[in-house]
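Engineer: Return atomic coordinates for the entry below.
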Amino acid sequence: MKHLFTTILLATSFSIFSQENTTDTIKKMDKELDEVVIQKNKKAVERKADRTIYNFSDQSHLNSGSLMEGLKKLPGLIISEVAGMMYQGKQLQVYMDGRPLNIYSNELNAYLEGMPANAIEKVEIITNPGAEFPATSGGAIINIVTAKNAKRYLTATYSNGYSYTKYTKSRNRFNNSLMLSAANKVFSWQIQGGQNYSESYTKTRLTDNDIVVTQNYSDNISRFYYLKTGVKFDFKKDRLLLNYDINGNNNNSFVQADGNGFTSDDKSKSKRYYNDVMAIYQKRFENPETKLDFRFNYNDGNSNFDLNSRADNNPVLDNNSDKKYYQFKTDYSQEIDLLDKTKFSAGILAEQLDFEAKNFGIENLDYSRTILAAYSEGQANYKKFDFILGARLESYDVKGTTDTDDLIPFRQTRFFPNATIQYTLIPQVYFKANYNKKISLPNTSALNPNNTSYQNPNIGFYGNPYLDPTIYNNYEVELSAFEYFTIGYSFTHADNQIINRIISTPNGAASITQNVPKVTYRNFNFGIPLPFMLITKGLTETLKMDFNPDEINFMYIYAGNSKQIIDGLDTKGIWNMNAMVQLLLPKKIKFTTNYSTSNTGGNYYYYSIEKPMNHQLDLTFAKKFFSDNLSVSLYLNDALNTNRQEFAMAGTNLNYKTKYDTRRIGFSLTYKIPSKNKNSQETDILNNDKKQEQQNILGN
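Structural biologist: Numbering: from 1, shown residues only. Here you go, the predicted model:
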């Protein structure tokens, strides 16, 4: 049985993506759990004990278009108005370059739609965040990495893109970005900035027993800009990193609506401003495995949302919010003489969040949250076993007031353990089991009592300042092989889960946020690569070959089933399926097609799926020119125009439908402006080890 199992894995995984022969790979492997290995040819997918890493910079089907469009193509990742952002059944906390982004809901969607995908280096999905991560991460983290390596002498990369759609009329999108970087023996610097302009269209319809509550037709114009800067100073073994990021949106929507007893013609205007400052001092010692880091992070955000009637120019909504976030943390790690290899880490954290919301100038929420935390974690290797064992202690002080009364204070100290064990069955074939306990505090979007989306006489959207935190107990087992083959099962029990749902009201309907006492999550996922050379060359010849995954024809198939069990609600699981095919055409043109869909009848909380979610076929043609310095992609997203959503609302007679102009054709290009100095060639090692590290100056 063992030999049969091994043969299947070799046939379906190792033969596809092994970048070196088996012997050389085994010799080069280092099983330290937190090591980052970037080879000359970067892996499209890289799996570690706690995370899965997707390479965006070299994957044309991911880095064409917006970051949102690229994320939606990742197998197992679901992004929707209903589910929010989930990976293999787990809600994701969004990080950017290693620190919390602290924006949510509509603001987060606008950010992801505005950021061009060709500005992203990689995306890490941390499914088993250890004790070093805040317990408030919930159950999983997505870390979007924009950092690049600054090299000796000035280097520059220019990117842009354009896309077009026609849905009732022609609409356009375009983006431009530029990255400059340089380094010397004392310091290095990097500047990356850009803009995105987007026109889009949305059609929604909400009915109650076939009575139209509201049907809306929205023309949207979004303007997004960003600037990311970083400077790194070297002091012998130590270094100081300073980062400053700024971004913002200026969006307009023109909404015509009608429904039971009303018609309206409105214009909304939303502005968002966000800036982030971070300073890191990294103390290094003679032993490169001994590290001491001090980090300070501050960010603030201001958001304004206005809705005015175009018929009489009267204001309908005038809502704004301000948020300030402070964080200080220190981390220490060193190796100790125990088992084959053991690493010990410890740290402390202090965090403060202040949030204020206003409606027509009247403050209706003043919210503050303080967190103090300490953690310790050990990582060890013993023969074929890898272990992670950690614990985190967090203390919370949450308080606030509304315009009518005080919130119930939340003052508690909680203990959060985590443990992971991984066993190497054969080289590059692993079995892993994990447990962690986490908490999720209500985010500012869920707390905000104001409507920051849209409103007409029959429908409104509201947050809830009286939400309680959610406690998660996460369990997971997974079998993975050669990075690309995976089969896993996870189980999560959540108390006081925060959810969004649509309910019936006397005037029509409302979208609200509330706690559900208990929710159980069960998720099964399966991914397998299938190289076409198995058909043309057979298994024996395929196993003899040494190749790069970017240079073969293959198909990758993924399927995942997620089920949420809620007391008193008859829920069914959802199958999310994804298939990606890569074909190498003449003239070194790479053709990639990505297809995703889901079944119907499943549930996301109180939403029952009536039409397949994210049902979409995307096509991408890519080619490199000028010694691979210029990368050009042509793409057609949602080629069959099938991406639409339709849900029935449990406990009501409501039915919700929405359609975006997702069928879009466009191009994207990235040009690495070559330097005349040969010493500025890009190196491929990214490592925090002082002896090997490159000038990674964005501090992730």
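
Engineer: And the helices in the protein, which stretches?
Structural biologist: With DSSP state H, the ranges of helices along the chain come out as 2-9, 15-17, 22-28, 60-63, 67-71, 105-114, 444-447, 533-536, 538-544.

Engineer: give me the low-pLDDT residue ranges for the chain?
Structural biologist: Low-confidence regions of the chain, defined by pLDDT under 70, span residues 1-42, 147-152, 539-550, 675-700.

Engineer: Now with 50, please.
Structural biologist: Applying pLDDT under 50 to the chain picks out residues 1-40, 680-700.

Engineer: At the geometric centre of this structure, which residue sits there?
Structural biologist: For the chain, I142 is the residue whose C-alpha lies nearest the centre (C-alpha atoms, centre = their mean; 4.0 Å).

Engineer: quick one, what contacts the nearest residue to that one once chain neighbours are set aside?
Structural biologist: Nearest residue to I142, sequence neighbours excluded (C-beta to C-beta, 6 or more residues apart in numbering): L92, at 4.5 Å. The C-beta positions use only the backbone N, C-alpha and C, and glycine is treated the same way. For L92, the contact set (C-beta atoms under 8 Å, 6 or more residues apart in numbering) comprises 84-86, 125, 138, 140-142.

Engineer: By neighbours, which of those residues wins?
Structural biologist: The residue in the contacts of L92 with the most neighbours, by other C-beta atoms under 10 Å, is A140 (27 neighbours).

Engineer: Please determine how far it is located from Y462.
Structural biologist: 27 Å (C-beta to C-beta, to the nearest Å).

Engineer: and which of the contacts of L92 is nearest R205?
Structural biologist: Looking at the contacts of L92 and their distance to R205, the nearest is G84, at 21.9 Å (C-beta to C-beta).

Engineer: from what I can see that closest one touches V94, true?
Structural biologist: No: when contacts are counted by C-beta atoms under 8 Å, G84 is not listed as touching V94 (10.1 Å).

Engineer: which parts of stretch 561-569 are buried?
Structural biologist: Along stretch 561-569, the positions that meet the burial threshold by neighbour count (16 or more other C-beta atoms under 10 Å) are 561-564, 566.

Engineer: Throw those into TSV and include distance to F174, thanks.
Structural biologist: Conversion of those to TSV gives the following (distance: C-beta to C-beta, whole Å):
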residue	distance to F174
N561	39
S562	36
K563	41
Q564	39
I566	44
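
Engineer: farthest-separated two in the residues you listed?
Structural biologist: The most widely separated members of those, counting by C-beta to C-beta, are N561 and I566 (16.8 Å).

Engineer: Against A135, how distant is the closest residue to S490 other than its chain neighbours?
Structural biologist: If the residues on either side of it in the chain are set aside, S490 comes closest to E476, at 4.0 Å by C-beta to C-beta, 6+ apart. Computed as C-beta to C-beta, the E476 to A135 distance reads 17 Å.

Engineer: about what we covered before: and which of the contacts of L92 is nearest N434?
Structural biologist: A140 (11.2 Å).

Engineer: Might you report the residue contacts of that closest one?
Structural biologist: If you count contacts by C-beta under 8 Å, 6+ apart, then A140 has 87, 90-93, 125-127, 129 around it.

Engineer: ditto for T444
Structural biologist: Shown here is T444, whose contacts under the criterion C-beta under 8 Å, 6+ apart are 102, 104, 321, 323, 353, 355, 367.

Engineer: want to try JSON lines for these, with neighbour count and distance to I408 as columns?
Structural biologist: As requested, these are arranged in JSON lines below (neighbours: other C-beta atoms under 10 Å; distance: C-beta to C-beta, whole Å):
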{"residue": "N102", "neighbour count": "25", "distance to I408": "23"}
{"residue": "Y104", "neighbour count": "19", "distance to I408": "22"}
{"residue": "S321", "neighbour count": "23", "distance to I408": "21"}
{"residue": "K323", "neighbour count": "20", "distance to I408": "21"}
{"residue": "L353", "neighbour count": "20", "distance to I408": "18"}
{"residue": "F355", "neighbour count": "22", "distance to I408": "17"}
{"residue": "Y367", "neighbour count": "22", "distance to I408": "12"}
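
Engineer: of these, closest to S57?
Structural biologist: N102 (25.2 Å).

Engineer: How about the closest one, nearest residue that isn't a chain neighbour?
Structural biologist: The shortest distance from N102 to any residue that is not its chain neighbour, by C-beta to C-beta, 6+ apart, is 5.4 Å, and that residue is Y325.

Engineer: Give me the neighbour count for the one you found.
Structural biologist: Other residues near Y325 come to 20 when the count uses other C-beta under 10 Å.

Engineer: just use 888 as the starting number from now, easier for me
Structural biologist: Right, with 888 as the first residue, what we last looked at is Y1212.

Engineer: Is it in contact with L988, as I believe?
Structural biologist: No: the pair Y1212 and L988 does not pass the contact test of C-beta under 8 Å, sitting 10.2 Å apart.

Engineer: in the sheet, who's paired with the residue nearest to N989?
Structural biologist: Here Y1212 sits in beta bridges with N1186, L1240, going by DSSP bridges.

Engineer: From L1041, how far out is it?
Structural biologist: Between Y1212 and L1041 the distance, using C-beta to C-beta, works out to 34 Å.

Engineer: Test my guess that Y1219 contacts L1179.
Structural biologist: Yes: using C-beta under 8 Å as the test, Y1219 is close enough to L1179 to be in contact (5.0 Å).

Engineer: wait, doesn't T1311 sit right on Y1269?
Structural biologist: No: using C-beta under 8 Å, T1311 and Y1269 do not qualify as a contacting pair, with a distance of 11.1 Å.

Engineer: Could you check which of these two has the larger neighbour count?
Structural biologist: The neighbour comparison of T1311 against Y1269 (other C-beta under 10 Å) goes to T1311, with 16 against 12.

Engineer: In contact with the more buried one, which residues are there?
Structural biologist: By C-beta under 8 Å, 6+ apart, the residues touching T1311 are 918, 1271-1273, 1317.
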